[in-house]
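A.B. asks: turn this into a structure:
(3 chains)
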Amino acid sequence: MLKLNIQSARAILSSLTHANVVKTGLVNDTNLVTSYYLTNKLDTQSHNFSINYQQVAYYRRNNFTRPFNWVKRRGGGYDENINTDNKEFLNQVLLDKYSESPLKEAPWKKGEYNANSINKRLGLLGIKLGSIPQWTKDGKKIHTTLIQVLDNHVIDYIPPEVLIERNNIYNSNAKRTKNGNLGMAIVGAISSDPRNYTPQYLDIFKNAGVPPKRKLTKFMVSQNAVVQPGTPLYAAHFRVGDYIDVGSHTIGFGFQGVMKRWGFKGGPRSHGSTKFHRKRGTIGSGRDRRPIKGMKMAGRMGSKWRQLMGLKIWRINNKYNILYIHGPVIPGPTHSYVRITDSCLPKNRERFTAESHPPFPTYYPDQNQAIAEEFFDEELHKYTDPTITFETFEVKKITKRDGAKIARIKS
Amino acid sequence: MSNLTAGKLLIPYSRLARKKITKFTGPQGRIDKIRGIISDLLRLERIEIPNFVGYESRQYAERLIDLAKKYGDKHEGMMEMADYWIIEKDLIPKLFQVIVPRYENKLGPYTQVFKLPEEYPGKGIKNICMELKDNALPPIQAAMSNRTHNNSLTNILIDAYKKDYKFRTEQNKFN
Amino acid sequence: MFQLYEKIPYLLARQPNALKQTIQTIAARNYTNTVPNRILEKARRSKLGAAAKGPSVGSDERPKLEQAEYSQAERDYKYIYPDFLPNPVYYFRDKIREKLERIDMINRRKQITIPEFYVGSIMAVTVSDPYAPGKSNRFVGICIRRDEYGLKHSFTLRNVIDGLGVEIMYDLYNPTIRSIEVLKLEKRLDDNLSYLQDSPPEYSTIPFDFEPVKLLPGMKVPVNMTKVPLKNKPWRHAWDRKALRGVILPEIKRYQHEEYMNSSSDFKPYEKWDLMKNYRETIHDDDHREIVQDIKKFESEITDKQEIVTAAKKLVRTRHIPKETPSNEKK
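C.D. replies: Numbers count the residues shown, from 1 in each chain, chains lettered A, B, ... in the order given. Model (predicted):
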């Protein structure tokens, strides 16, 4: 009986968006659920939270599934025959509304870097601009891609206590929140006209006090790296020389054959082959009476989520908020959205100490002290420097006497 | 010469529409069809055509007038171009002597397009009306431009809100 | 009424198909999960975000629309500085990236003098090389082709040394390049001389002690009208299928036959008159305006500081063959 109650309570909670939860103060009602675990002495770690017991392994991710907190985004935008005077007035009202400082509450306490615990900062939502070459001081050529961080704001923060009650089919909540240590921060990019969106979507931005964004993402954040909703984010969030992970959707090619999708060789052009120029061979032998799963066949190519890890930041432009990132092969076409975080690789984490670490929790601009327009890595060649020359040095010829000395020492 | 940069002339039309033109006659037939429409447009200055053909031939007409403005009638390559695109040859002097001086001090698109209502019941073909700007024909948009919507509900509500907003902002100043 | 009854099922049957097709085309395109270019530039200039007030977000203001009237000298920038032109494919373009590229290019051009050169002119390039004796390497050859746009711009030199064809591709903005000299400034009949690979070697052999030929001031760039005979097949590419001017094909009956030439995939007579195709594949004057302003500013700065630049260049050249050996610390 108890179980049923919990499930029904959870279903109610999951159906509400976070905005509604905050407004109505339903957060306190979660005690009902937590008390159950306390009384029955069940660890959150060992328990599986998912209701859905179906097999998930071969779920097709290509299809679009709506998350539980999904709201309709675009709406309005009808021609209502508004006069030109009134149009100008409405534009002015919008500018007045959003030109105020979005931080309405008292500023939250800024967390500090703790060397002994998890330090997981939030990331940025950038736009890919294309690739250009750069050179190191040794004269080696590097390809870098430019990513612009345009109009980024922190929009929401969901603490782990609320997050742990939400249902997730793919990951258990305990795993996601690292046993209640991580919260979720939501970051948006490119502010736009609120008249083109639905009121349900605008509710998300009410707490932050910023205009609605075209794109949103979420980042799992540790307790000491929480940032207040409404604060702007800049490219100086990262340092030059640090390593990052970059993820986005690859270029979509539609339904493609086996030669383009998997690089198969196909059949011969001539020599008597009929209807076998761009096909694959057999699918499998007759023993299992079925093809093995994951067989490479024709199908939809591209437009999948891919992540690259451990890319170095070579250069940062603070005027336009642009990161120069190592490598020409960051997934996606030009002007695609790109998600950037600190690299989760252990080599990158070991580099940080209590004295030298990236700005924590983010970079806050100081009005009195302006930063430099561009940051360069130490190994990178600046174009304002003179041409690279390699200095000559003489290799001393080993005379007979020196060689004898060395031999004597070795023995 | 004009404000038509590379991005601006990318008038959105679907690939399917392009296929319709080239379905039976191939790429040469597509260009022949556009040639006919351009000479129609120069003669009549206002035409009714289907959506997918109109949007595509509009770009060519714009570009031809733009080049005629730029090079004039004494340029050899320009005259060859005009000779190819205008089938009825008596229209070539009209392009240089009437239409180019008309848009001499003008930037931007020289044509305009109005969507026409869809016929119902019909085959679902969307037609448009395309015309050269500043022509001598009676204007299409006259009835629309004289009409005011000041007494519509949304405008009245916004007017009331405007008064309230101004009053509040002044009050805040004193406080 | 009869008409209506007949046509409604027709429409109903048609609508889902049309929807399906549009969805398929959108899914097939690679524009998913992107921002359209026009909206992006609007967002860069918008004042809506509170961050627009912050220290470092957004781009410069939009330039005013004017009727561009260029002088002949300014029109020639297209040919003198082809590396400054953006990529004509609209899909690859971004205004801020192009601007940042241009700043880097101009900064590099202030360090060494990059002269005016064309495909077909004879050049010498010296590069600092850690493995070469004297730490530098000099190569002389004909410029065969110029590729790519912006900082990626490159040119290739070809020469035949001891009976072996050698081609070296240089990045124009590579900071290891010490100097670029033009020994003989001239043009050829084609924009791409890759067919020299399949021609006899005497057409691409140049001695390393080639004496520079000077042009008189105020002279136009001369065009070399020589036509190159090709060897017999096999070739690297099908040169007979391409519209080349500076080539003499070997005498075969097939080439004189019109149908053979017209059957090639490059033969598209309707593309000659296609206004919009030409328009989309070349850079328009209005797109060229910002670039012209930047180049003019750069040239005016160079003329003021020309003496300083030449002095700096001398310093570099003395470093060319250092007499005294420095200490071994920097190994």
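A.B. asks: enumerate the residues of the stretch 251-400 of chain A near chain C.
C.D. replies: Within reach of chain C by Cβ under 8 Å from any Cβ of the partner chain, the stretch 251-400 of chain A has these residues: A:251-255, A:300, A:302-303, A:317-322, A:332-337, A:365, A:370-371, A:381, A:383-394. (Glycine included, C-beta is placed from N, CA and C.)
A.B. asks: tell me, which of those residues make contact with chain B?
C.D. replies: Applying Cβ under 8 Å from any Cβ to these, none is adjacent to chain B.
A.B. asks: in ChimeraX, how would I select the buried members of these?
C.D. replies: Selection of buried members from those for ChimeraX, criterion 16 or more other Cβ atoms under 10 Å in any protein chain shown:
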select /A:251,252,254,300,302,303,317,318,319,320,321,322,332,333,334,335,336,337,381,383,387,388,389,390,392
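A.B. asks: from C:Met276, how far off is A:Glu350?
C.D. replies: Plainly put, A:Glu350 is 57 Å away from C:Met276 if you go by Cβ to Cβ, to the nearest Å.
A.B. asks: then C:Tyr81?
C.D. replies: Noted for C:Tyr81: a distance of 27 Å to C:Met276, by Cβ to Cβ.
A.B. asks: for these two, indicate the residue with more neighbours.
C.D. replies: C:Tyr81 (19 against 15; other Cβ atoms under 10 Å in any protein chain shown).
A.B. asks: show the pLDDT at the more buried one.
C.D. replies: Looking at C:Tyr81, its pLDDT is 92.
A.B. asks: which SSE is the residue nearest to it when sequence neighbours are not counted in?
C.D. replies: Nearest residue to C:Tyr81, sequence neighbours excluded (Cβ to Cβ, 6 or more residues apart in numbering or on different chains): C:Ile295, at 6.2 Å. Using DSSP states H and E, C:Ile295 maps to helix C:285-304.
A.B. asks: assign a three-state SS to A:Arg306, would you?
C.D. replies: Under DSSP: H, G, I helix; E, B strand; the rest coil, A:Arg306 falls in the strand class.
A.B. asks: just the CA trace of stretch A:317-336, in CSV.
C.D. replies: Taking C-alpha atoms only, stretch A:317-336 is exported to CSV below (Å, rounded to 0.1, in the frame of the first residue of the first chain):
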residue,chain,number,x,y,z
ASN,A,317,39.0,36.8,-27.4
ASN,A,318,37.3,38.8,-24.6
LYS,A,319,35.8,41.5,-26.9
TYR,A,320,33.6,39.1,-28.9
ASN,A,321,33.7,36.2,-26.3
ILE,A,322,35.3,33.7,-28.6
LEU,A,323,37.2,30.5,-27.7
TYR,A,324,39.9,29.1,-30.0
ILE,A,325,39.7,25.3,-29.4
HIS,A,326,42.1,22.7,-30.6
GLY,A,327,41.0,20.6,-33.7
PRO,A,328,39.0,21.2,-36.8
VAL,A,329,36.6,18.3,-36.3
ILE,A,330,34.2,19.6,-33.7
PRO,A,331,30.8,18.0,-34.6
GLY,A,332,28.1,20.0,-36.3
PRO,A,333,27.7,22.5,-39.1
THR,A,334,28.6,26.2,-38.8
HIS,A,335,26.4,28.1,-36.4
SER,A,336,25.3,25.0,-34.6
